[in-house]
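In: build me a model:
(chains A and B)
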There are 2 protein chains.
Amino acid sequence: MPNPTAAMLVIGDEILSGRTRDSNMHYLAGELTKTGIDLREVRVVSDDADAIVAAVNALRAGYDHIFTSGGIGPTHDDITADCIATAFGVRIGVRDDARAILEQRYAKMGTQINEARLRMARIPEGATLIENPVSGAPGFSIGNVHVMAGVPAVFESMVASVLPLLAGGAPLVSQSLRINRGEGDIAGPLADLAKQYPHLSLGSYPFIQNGAFGVNVVIRGSDGGEVSTAIVKLSALFPEATT
Amino acid sequence: MPNPTAAMLVIGDEILSGRTRDSNMHYLAGELTKTGIDLREVRVVSDDADAIVAAVNALRAGYDHIFTSGGIGPTHDDITADCIATAFGVRIGVRDDARAILEQRYAKMGTQINEARLRMARIPEGATLIENPVSGAPGFSIGNVHVMAGVPAVFESMVASVLPLLAGGAPLVSQSLRINRGEGDIAGPLADLAKQYPHLSLGSYPFIQNGAFGVNVVIRGSDGGEVSTAIVKLSALFPEATT
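Out: Residues are numbered from 1 along each chain as shown, chains lettered A, B, ... in the order given. As a prediction, this is how the structure comes out:
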């Protein structure tokens, strides 16, 4: 059975303006690979309601799971929860269990709950809360869409809350070799090897280090034995390769 | 007149598997902001022909400029140039001027040109070459799509080759303030200020540092004087803020 598929939607002007370097994509990609869920697509859109609604609806129709990051805080530019409600055609309002989480959190910190903070208890109808051990305010899952915060520490804690609830597939096994040659030197033999192993994926990732060209070749597959055999064959072709 | 719009398409399994942390998106975002071109959307897709063709066609219909990164090297998994030809419905083949660039480059380096390397001279009909001072093999522009390599040093050199050829708009001016308070404390006054300045964008970017919550507020606009006035008002609301 093929692995479940996933897409990610990153929401935030700050990524698109170059102000902030997104790190959530890389984090989620690594966690999903470990879980055996195939991340197939990522989209980054701005804090624009039409763009968010359109992306959510396109992605949730195409993949088994959608993970979003950003736009669920207390300020005027946090519009993700409303957009998700629009995308699903459901109502949104302050929910008692979410409000209780916030009240308890703020009481402990000696912080006033106010109108802005209460926005973070607004949850689309029919959603399930995602726990946020870092800062309290919950994310939520609705249908196949998992809505999480953008602050990396919070995003990561929400991913840790939600991933164990999802059914994963077979985690991919991967092995790699580093070859200090130009990609054009290895391309022919690599293509031949790829043809011999139709169930494996052979990726070639060139780099430049101290002005010299090199390639990392990564072989991935669900059968660890087959991956090892292919790596041994590759090493025989390029004896100077290192792991 | 509104600024030209742009989207980016990042092509590569290695980003989606979490193996590689993409840096081209952040780089391009910063360069476009300086140029006055608004980056509105980024998509990341795998080395899959259908996914690449669909994304290219969706994005080129929606934005003034599309920038792609990845998949134009010599190996079997480099399929971007073919996908672009498919998306535009044009032929692709080895082009003399691109081949001459490669031959000159490899002659200088004492490297053999071979069948794999010659793949990098395959250019869709009607495209213009993008110069690559780092490693020779050119990118290309066709219609409103600019096709570039994934290796960051090469990508950046291609961006530097192509951006001066595009008409930019008014670069956004931005100023920011750091406020060491929870986002919920500043959300109300910030929303009021945003209403007073409908032509400015006020973004609120929370962070956690040494366990304490803080916010960077960024005010952006094309009128530098208006941005400054709004920042002064914001500082007056939160006298503890620092730049």
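
In: from now on I want contacts and neighbour counts done on CA atoms only, so please keep to that.
Out: Will do.

In: need the contact list for A:Val151.
Out: A:Gly70, B:Pro206, B:Phe207, B:Ile208 (C-alpha atoms under 8 Å, 6 or more residues apart in numbering or on different chains).

In: these in strands, which ones?
Out: Mapping those onto strands (DSSP state E) picks out B:Pro206, B:Phe207, B:Ile208.

In: for A:Asp82, which non-adjacent residue is closest in space?
Out: Distance criterion C-alpha to C-alpha, 6 or more residues apart in numbering or on different chains; nearest residue to A:Asp82, sequence neighbours excluded, is A:Ile92 at 6.8 Å.

In: pick the one among the contacts of A:Val151 closest to A:Gly126.
Out: A:Gly70 (20.5 Å; C-alpha to C-alpha).

In: and the helix or strand hosting A:Ser174, what other elements does it pack with?
Out: Counting by DSSP states H and E, the element that carries A:Ser174 is strand A:173-179. Applying 3 or more C-alpha pairs under 8 Å, 6 or more residues apart in numbering or on different chains; DSSP states H and E, one finds that strand A:173-179 makes contact with strand A:212-221, helix A:224-237.

In: which one of the ones you listed has the poorest average confidence?
Out: Here the lowest mean pLDDT among these goes to strand A:212-221, at a mean of 91.

In: give me the distance from that strand to the chain's centre.
Out: Averaging C-alpha coordinates over strand A:212-221 and over its chain gives two centres that are 23 Å apart (C-alpha atoms, centre = their mean, to the nearest Å).

In: pull out the buried positions in that strand.
Out: Within strand A:212-221, the residues that count as buried by 16 or more other C-alpha atoms under 10 Å in any protein chain shown are A:Gly214, A:Val215, A:Asn216, A:Val217, A:Val218, A:Ile219, A:Arg220, A:Gly221.

In: spit out the contact partners of the most centrally placed residue in chain A.
Out: By C-alpha atoms, centre = their mean, the mean C-alpha position of chain A lies nearest to A:Leu28, the distance being 3.3 Å. Contact analysis of A:Leu28 by C-alpha under 8 Å, 6+ apart lists A:Glu156, A:Val159, B:Gly18.

In: those in strands, which ones?
Out: Of the contacts of A:Leu28, none are assigned to strands by DSSP E.

In: closest to B:Glu41 out of these?
Out: When the contacts of A:Leu28 are compared against B:Glu41 (criterion: C-alpha to C-alpha), the nearest one is B:Gly18, at 20.6 Å.

In: how about the closest one, phi and psi?
Out: B:Gly18 adopts backbone torsions of phi 90, psi 0, taken as degrees, to the nearest 10.

In: go on, the one 5 residues further on?
Out: Backbone dihedrals for B:Ser23, given as degrees, to the nearest 10, come out at phi -120, psi -10.

In: then A:Ile92?
Out: Taking degrees, to the nearest 10 as the convention, A:Ile92 sits at phi -140, psi 140.

In: and A:Leu202, by the same measure?
Out: When quoted as degrees, to the nearest 10, the phi and psi of A:Leu202 stand at phi -110, psi 110.

In: assess the claim that it and A:Asn216 are in contact.
Out: No. Counting by C-alpha atoms under 8 Å, A:Asn216 is not a contact partner of A:Leu202; they are 10.4 Å apart.

In: of all the helices and strands packed on strand A:173-179, which one is nearest A:Pro74?
Out: With C-alpha to C-alpha, the closest approach to A:Pro74 among those belongs to strand A:212-221: 42.3 Å.

In: show residues contacting that closest one.
Out: Taking contacts as C-alpha under 8 Å, 6+ apart, the residues outside strand A:212-221 that touch it are A:172-183, A:199-208, A:227, A:230-231.

In: and for stretch A:73-84?
Out: With C-alpha under 8 Å, 6+ apart as the test, stretch A:73-84 has contacts from A:11, A:47, A:49, A:52-53, A:56, A:70-72, A:92, A:116-120, A:122-124, A:147, A:149, B:183-184, B:186-188, B:190-191, B:202-204.

In: buried ones among these?
Out: Among those, those scoring as buried are A:11, A:47, A:49, A:52-53, A:56, A:70-72, A:92, A:116-120, A:122-124, A:147, A:149, B:183-184, B:186-188, B:190, B:202-204 (criterion: 16+ other C-alpha under 10 Å).

In: just checking, which of those residues belong to helices?
Out: Among the buried ones among the contacts of stretch A:73-84, the ones falling in helices (DSSP state H) are A:49, A:52-53, A:56, A:116-118, B:183-184, B:186-188, B:190.

In: now those as a markdown table including distance to A:Thr33?
Out: Putting those into a markdown table (distance: C-alpha to C-alpha, whole Å) gives the following:
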| residue | distance to A:Thr33 |
| --- | --- |
| A:Ala49 | 30 |
| A:Ile52 | 25 |
| A:Val53 | 27 |
| A:Val56 | 22 |
| A:Ala116 | 37 |
| A:Arg117 | 35 |
| A:Leu118 | 35 |
| B:Glu183 | 33 |
| B:Gly184 | 35 |
| B:Ile186 | 38 |
| B:Ala187 | 37 |
| B:Gly188 | 40 |
| B:Leu190 | 40 |
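
In: out of those residues, what pair is the most spread apart?
Out: In terms of C-alpha to C-alpha, those reach their longest pairwise distance at A:Val56 and B:Ile186, which sit 29.0 Å apart.

In: can you confirm A:Ala107 is in a helix?
Out: Yes. Residue state for A:Ala107 (DSSP: H, G, I helix; E, B strand; the rest coil) corresponds to a helix.

In: where's it relative to chain B, distance?
Out: Distance, A:Ala107 to chain B, by C-alpha to the nearest C-alpha, to the nearest Å: 14 Å.

In: what's near enough to touch that residue?
Out: Counting by C-alpha under 8 Å, 6+ apart, A:Ala107 touches no other residue.
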